[in-house]
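Chemist: what shape does this take:
(one chain, ligands or ions: 1)
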Amino acid sequence: MCFTSVTDRWPGAQWPERASPVPPTGALARGRAAALDSTVVDLELRPIVPDEFRAFSRAVEAAFGQQPTDVEIDLWRDVTEFERTIAAFDDDGIVGTAGAFTMQLTLPGGATIPVAGVTAVSVATSHRRRGLLSAMMRRQLDDVAARGEPVAVLTASESVIYGRFGYGLATSFLSTRIAQPNGGLAQPLSEPGRCRRVDVDEAGIVLPDIYDRYRVTQPGEVSRPDAWWHQRLTDHEPWREGASAYFHVVHDDEGGRPDGYLTYRVRGHWTGSHLPGATVEVDELCASTPNARRALWRHALSIDLAAAVTAFNVPVDEALRWELADPRRLEVTALSDHLWARLLDVPAALSARAYAVPGRVVLDVADQFRPGGPADGRFVLDTGPDGVQCRPTEEPADLTMAVADLGALYLGGTTATTLARAGRVRERRPGALDEADLLFGTALAPFCVTHF
Ligand SMILES: CC(C)(COP(=O)(O)OP(=O)(O)OC[C@H]1O[C@@H](n2cnc3c(N)ncnc32)[C@H](O)[C@@H]1OP(=O)(O)O)[C@@H](O)C(=O)NCCC(=O)NCCS
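Modeler: This is a model prediction of the structure:
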């Protein structure tokens with residue numbers, strides 16, 4: 001579920017003024033949205049208190065065309081950071097929602113930074129297209145900036161929504177299907193180790209630890225709070241959509257230390273002529289070593305009675321294709337955007353990551369949604385022998401771009417050249433695109449397995 005937020009573009013009305021920055025305690029200032037038109041009166045924007053969570057959750061789910069069960073409401077309550085919620089109230093109750101998780105994001109080079117993981121964004125069907133999302137977005141980004149988080153990230157229900165607020169398409173994923181897998185790998189595993197099934201109790205102990213070791217090896221991954229794991233491992237029956245409950249398989253290295261896991265479901269099927277036709281649906285495969293990753297894929301591809309193995313969310317540079325004895329069997333069924341990144345403080349964000357080569361580039365960045373802020377202006381990025389530095393400058397620009405485009409470049413998910421070919425980035429000094437491509441490029445494509 002994607003929890004989200006509101007703005008200041010109500011036709012015929014204005015917000016009283018730009019929402020004041022929220023104090024670092026995190027408490028959102030109370031505010032009143034001005035009337036959006038003559039029929040809709042003041043909307044109060046404020047965080048919810050725990051007693052309001054049921055109404056908040058129902059508002060979110062209704063916007064997604066769903067009605068939450070009591071179990072779902074309890075599970076979402078556990079992961080909700082109440083002081084980071086925003087609800088818009090009218091006389092009938094909550095008509096807009098947004099929230100954020102306090103997360104760590106892994107950057108190229110392995111550093112992690114605090115980010116806001118935006119979630120629970122919704123606007124009631126009765127209030128859509130009047131600027132409520134825009135108002136919540138403004139409020140939320142002010143809060144994120146006041147907390148000192150240099151970047152906000154989100155996963156979007158629709159890719160058309162968030163560019164206007166400065167978010168850029170930062171990571172993508174593939175959905176894949178392998179028919180008749182039959183074991184599949186061309187080479188034997190190079191190192192010893194073993195795969196073993198674990199029950200949900202052991203999964204609750206072992207998986208979070210493996211995930212934490214894995215996520216710092218993968219740019220684009222985010223941290224998960226304990227309550228998030230509880231929600232996931234509860235494996236609420238309606239979320240299975242007719243498939244089995246989760247199976248969890250852990251890989252132990254030679255010394256018996258868990259270093260990877262596979263979580264999958266089985267969608268059972270027998271053909272009309274009584275042949276096995278099940279589908280193994282890989283939900284997550286996370287490993288902190290290449291050997292564990294290969295062993296877990298081999299395990300997934302060797303499950304009896306399966307006619308196909310599908311995976312909803314794998315990296316765009318998934319190495320499995322080069323491991324399969326018959327690589328054409330790996331069919332890509334979808335390519336989708338996943339993590340959208342919004343830089344709020346360009347010097348802080350750019351100096352936190354590592355760069356592939358020494359270099360120097362001057363970026364002119366336009367932040368139309370937060371003009372005059374620390375993501376709006378000209379910045380020099382220097383990755384020379386004295387370490388990475390990024391600061392405002394008056395020097396002539398080498399490249400010009402919107403802040404959303406810098407968000408797209410940030411994790412190495414695309415190149416400046418590609419964005420220039422898309423008409424988004426402009427080269428002001430010949431050669432600057434090539435230099436930026438080398439600087440921002442990463443060996444591993446950024447990837448995020450977490451949906452939030
Ligand atoms: C997406 C959603 C939150 C938008 O809320 P909203 O209050 O209608 O958005 P706003 O009125 O602030 O829209 C601001 C701008 O974005 C555009 N926009 C917003 N949502 C859009 C969408 N789904 N498709 C196309 N354009 C959209 C608006 O047309 C408007 O454009 P403009 O500036 O050119 O006039 C709302 O439609 C919703 O709840 N959808 C279902 C749940 C959902 O998808 N939530 C997002 C989860 S990530």
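Chemist: so what's the residue of the stretch 201-350 of the chain found nearest the ligand up against?
Modeler: For the stretch 201-350 of the chain, the residue closest to the ligand is Trp340, as judged by CB to the nearest ligand atom, at 9.1 Å. (Each C-beta comes from the backbone N, C-alpha and C, glycine too.) By CB atoms under 8 Å, 6 or more residues apart in numbering, Trp340 lies in contact with Val153, Leu154, Thr155, Ala156, Tyr162, Tyr167, Gly168, Leu169, Ala170, Gly407.
Chemist: again, only this time at 7 Å
Modeler: Counting by CB atoms under 7 Å, 6 or more residues apart in numbering, Trp340 touches Val153, Leu154, Ala156, Tyr162, Tyr167, Gly168, Leu169, Ala170.
Chemist: in what element of secondary structure is the first one found?
Modeler: Right, Val153. In the assignment (DSSP states H and E), Val153 maps to strand 151-155.
Chemist: hang on, the earlier thing: run through the bridge partners of the residue of the stretch 201-350 of the chain closest to the ligand.
Modeler: Beta-bridge pairing for Trp340 (DSSP bridges): Leu154, Leu169.
Chemist: just to revisit the earlier point, tell me how far the strand holding Val153 lies from the chain's centre.
Modeler: 6 Å (CA atoms, centre = their mean, to the nearest Å).
Chemist: related to what we said a few turns ago, any idea which of the contacts of Trp340 is closest to the ligand?
Modeler: Ala156 (4.7 Å).
Chemist: was I right to think the closest one contacts Arg164?
Modeler: No. Contact criterion CB atoms under 7 Å: Ala156 and Arg164 do not qualify, at 11.9 Å.
Chemist: quick one: residues in contact with the strand holding Val153.
Modeler: Counting by CB under 7 Å, 6+ apart, 2, 105, 113, 115-118, 141, 144, 162, 167, 222, 338-344, 349, 451-452 sit against strand 151-155.
Chemist: whichever of those residues end up buried, select them in ChimeraX.
Modeler: Typed into ChimeraX, the line below selects the buried ones among these, using 16 or more other CB atoms under 10 Å:
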select :2,105,113,115,116,117,118,141,144,162,167,222,338,339,340,341,342,343,344,349,452
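Chemist: which of the contacts of strand 151-155 fall within strands?
Modeler: Counting by DSSP state E, the contacts of strand 151-155 place Leu105, Ile113, Val115, Ala116, Gly117, Val118, Leu339, Trp340, Ala341, Arg342, Leu343 in strands.
Chemist: how about those in CSV, adding pLDDT?
Modeler: Below are the ones in strands among the contacts of strand 151-155 laid out as CSV (pLDDT from 0 to 100):
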residue, pLDDT
Leu105, 98
Ile113, 98
Val115, 98
Ala116, 98
Gly117, 98
Val118, 98
Leu339, 98
Trp340, 98
Ala341, 98
Arg342, 98
Leu343, 98
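Chemist: in JSON lines, list those along with distance to Glu149.
Modeler: Shown next, in JSON lines, are those (distance: CB to CB, whole Å):
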{"residue": "Leu105", "distance to Glu149": "10"}
{"residue": "Ile113", "distance to Glu149": "8"}
{"residue": "Val115", "distance to Glu149": "6"}
{"residue": "Ala116", "distance to Glu149": "5"}
{"residue": "Gly117", "distance to Glu149": "10"}
{"residue": "Val118", "distance to Glu149": "11"}
{"residue": "Leu339", "distance to Glu149": "15"}
{"residue": "Trp340", "distance to Glu149": "15"}
{"residue": "Ala341", "distance to Glu149": "12"}
{"residue": "Arg342", "distance to Glu149": "10"}
{"residue": "Leu343", "distance to Glu149": "11"}
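Chemist: how about CSV for the contacts of Trp340, with distance to the ligand and pLDDT added?
Modeler: Shown next, in CSV, are the contacts of Trp340 (distance: CB to the nearest ligand atom, whole Å; pLDDT from 0 to 100):
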residue, distance to the ligand, pLDDT
Val153, 12, 98
Leu154, 6, 98
Ala156, 5, 98
Tyr162, 7, 98
Tyr167, 10, 98
Gly168, 15, 98
Leu169, 13, 98
Ala170, 15, 98
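Chemist: pull the contacting residues for the residue with the largest distance to the centre of the chain.
Modeler: Taking CA atoms, centre = their mean, the residue of the chain most remote from its mean C-alpha position is Ser273, at 43.0 Å. With contacts defined as CB under 7 Å, 6+ apart, Ser273 is in contact with no residue.
Chemist: check which element follows the helix or strand bottoming out on mean pLDDT in the chain along the chain.
Modeler: Comparing helices and strands within the chain by mean pLDDT, DSSP states H and E singles out strand 31-33 as the least confident, with a mean of 40. Going down the chain from strand 31-33, the next helix or strand is strand 43-46, by DSSP H and E.
Chemist: who are the packing partners of that next one?
Modeler: strand 31-33, strand 86-90, helix 132-146 (3 or more CB pairs under 7 Å, 6 or more residues apart in numbering; DSSP states H and E).
Chemist: pipe those into JSON lines and attach distance to His251 per row.
Modeler: Shown next, in JSON lines, are those (distance: least, CB to CB, whole Å):
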{"stretch": "strand 31-33", "distance to His251": "50"}
{"stretch": "strand 86-90", "distance to His251": "41"}
{"stretch": "helix 132-146", "distance to His251": "37"}
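Chemist: how about Ser126, nearest residue that isn't a chain neighbour?
Modeler: Val95 (6.7 Å; CB to CB, 6 or more residues apart in numbering).
Chemist: tell me the pLDDT of that neighbour.
Modeler: pLDDT, the model's per-residue confidence, is 97 for Val95.
Chemist: next, the angle helix 132-146 makes with the strand holding Val153.
Modeler: On the basis of axes from the mean of the first three to the mean of the last three CA atoms, to 10 degrees, strand 151-155 is oriented at 140 degrees to helix 132-146.
Chemist: and the residue nearest to Gly99 when sequence neighbours are not counted, what helix or strand is that in?
Modeler: With CB to CB, 6+ apart as the criterion, Gly99 has its nearest non-adjacent residue at 3.8 Å, and that residue is Ala120. Assigned by DSSP H and E, Ala120 belongs to strand 112-123.
Chemist: and that strand with the ligand, contact?
Modeler: Yes. Strand 112-123 is in contact with the ligand by CB under 6 Å from any ligand atom, via Val121, Ser122, Val123.
Chemist: I figured Trp229 hits Asp209, correct?
Modeler: No. Trp229 sits out of contact with Asp209 when judged by CB under 7 Å, with a separation of 10.3 Å.
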